[in-house]
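K.L.:
Dropping a prediction and its sequence here:
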Amino acid sequence: MPLPVPGREPDIDLSGRVIMVTGATGGLGRPLARACAARGATVVLHGRTVRKLEALYDEIVADRHPQPTILPLDLAAANADDFGSVAGAIRAQLGRLDGLVHAAALLGSLGPIEHQSFDAWLKVLRVNLASAMALTRSALPLLAAAADACVVFTLDARGEDPRAYWGAYAAAKAGLSALAATLADEWEARANLRIDAVVPGPMRTPLRMLTHPGEDRSSLPLPDALVPLYLYLLGAQPKAESGARIDARAWLAGQPAATPLVCSGAGARP
């Protein structure tokens, strides 16, 4: 089954499924969370600011979609126990988890390495990398119990092609790519578990405004343009196509966009 056609809403039914979206009030997470709810999913809305989560909750309920669940958690400050309790709370309230989208991100400060503090690096690594591992590990028993479950990581071009001044953010996103590849290899034989990673490319988001403040953003796609791709990965992708790294810019341009997260010639496992 090919990837969906850009600009065309895929006919995907997520009724009865529970989908967790980290960074649900952010530039990408917000439209994705609303789209999942509109297709029948019960969405676990993660974010750091309760006020923003409550506003998104109210919008979903006002649209008469399934009642979502709010999960306020500061990924930069959470400890192992906090991450471990997430799955327990979801199990107690909802009884299942069918999808997990990692959309939360923290840029940190851009500049030469000698101007970046150790504590700032730790904060960026915790939000962008360590928390993704911790949440996925915590959720794995619930995901493994689902008939069809998917985890989607959101990467960044700077992690694939690091450049000067991107420091902790580039390193964290590179590590996230390695984490996704590791899990894809580990889950290869697990028929009910799928994993993919999307590289969104430039979008009209608050994060992009921080990194390119003087840019003319009118030519950049809105995050909503990527929603059909994420919906496909969550609800329609066959297991045989999982384990993919998807370049969203290529996908939007109608070009081949998916490459394997795990290289076939990487050699035998140790």
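P.N.:
Arrived safely, thanks for sending. Residues are numbered from 1 along each chain as shown.
K.L.:
For the rest of this, base every contact and every neighbour count on C-alpha atoms.
P.N.:
OK.
K.L.:
Mind jotting down where the helices sit in the protein?
P.N.:
29-38, 50-62, 80-94, 118-125, 131-145, 157-160, 167-186, 206-211, 227-235, 248-252 (DSSP state H).
K.L.:
And the second one, what's buried?
P.N.:
Spelled out, it's helix 50-62. 53-54, 56-57, 60 (16 or more other CA atoms under 10 Å).
K.L.:
If we only consider those residues, which is nearest to residue 178?
P.N.:
residue 53 (30.2 Å; CA to CA).
K.L.:
Verify the stated contact: that closest one with residue 25.
P.N.:
Yes - contact criterion CA atoms under 8 Å: residue 53 and residue 25 qualify, at 6.5 Å.
K.L.:
if I look at those two, which residues touch both of them?
P.N.:
45-47 (CA atoms under 8 Å, 6 or more residues apart in numbering).
K.L.:
What about the residues you listed, which are in strands?
P.N.:
45-47 (DSSP state E).
K.L.:
would JSON lines of these with distance to residue 258 and pLDDT be doable?
P.N.:
Output for those, formatted as JSON lines (distance: CA to CA, whole Å; pLDDT from 0 to 100):
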{"residue": "45", "distance to residue 258": "28", "pLDDT": "98"}
{"residue": "46", "distance to residue 258": "28", "pLDDT": "98"}
{"residue": "47", "distance to residue 258": "29", "pLDDT": "97"}
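K.L.:
Rebuild the residues you listed as JSON lines, extending it with distance to residue 9 and neighbour count.
P.N.:
Formatted as JSON lines, those follow (distance: CA to CA, whole Å; neighbours: other CA atoms under 10 Å):
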{"residue": "45", "distance to residue 9": "22", "neighbour count": "25"}
{"residue": "46", "distance to residue 9": "24", "neighbour count": "26"}
{"residue": "47", "distance to residue 9": "26", "neighbour count": "23"}
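K.L.:
now these as JSON lines including distance to residue 222?
P.N.:
Output for these, formatted as JSON lines (distance: CA to CA, whole Å):
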{"residue": "45", "distance to residue 222": "21"}
{"residue": "46", "distance to residue 222": "21"}
{"residue": "47", "distance to residue 222": "20"}
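K.L.:
Which of those sits closest to residue 11?
P.N.:
residue 45 (22.9 Å).
K.L.:
any idea how far the closest one is from residue 220?
P.N.:
Using CA to CA, to the nearest Å, one gets 26 Å for the distance from residue 45 to residue 220.
K.L.:
And for residue 155?
P.N.:
From residue 155 to residue 220 the distance is 18 Å (CA to CA).
K.L.:
Next: residue 151.
P.N.:
Counting by CA to CA, the gap from residue 151 to residue 220 is 26 Å.
K.L.:
of those two, who's got more company?
P.N.:
Taking neighbours as other CA atoms under 10 Å, residue 151 and residue 220 compare with residue 151 leading, 27 against 13.
K.L.:
Go ahead and confirm the more buried one touches residue 187.
P.N.:
No - counting by CA under 8 Å, residue 151 does not reach residue 187; the two are 11.0 Å apart.
K.L.:
shared neighbours of the two, which are they?
P.N.:
residue 194.
K.L.:
per-residue pLDDT, the spatially most central residue of the chain?
P.N.:
Geometric centre of the chain, nearest residue: residue 102, 2.4 Å, by CA atoms, centre = their mean. Residue 102 is assigned 98 on the pLDDT scale.
K.L.:
Return the helix or strand in the chain with minimum mean pLDDT.
P.N.:
helix 206-211 (a mean of 64; mean pLDDT, DSSP states H and E).
K.L.:
Look at the residue nearest to residue 167 when sequence neighbours are not counted and say how many residues are nearby.
P.N.:
Once flanking residues are discounted, residue 167 sits nearest to residue 113: 6.2 Å by CA to CA, 6 or more residues apart in numbering. Using other CA under 10 Å, residue 113 is surrounded by 14 other residues.
K.L.:
tell me the pLDDT at residue 113?
P.N.:
Taking residue 113 on its own, its pLDDT is 91.
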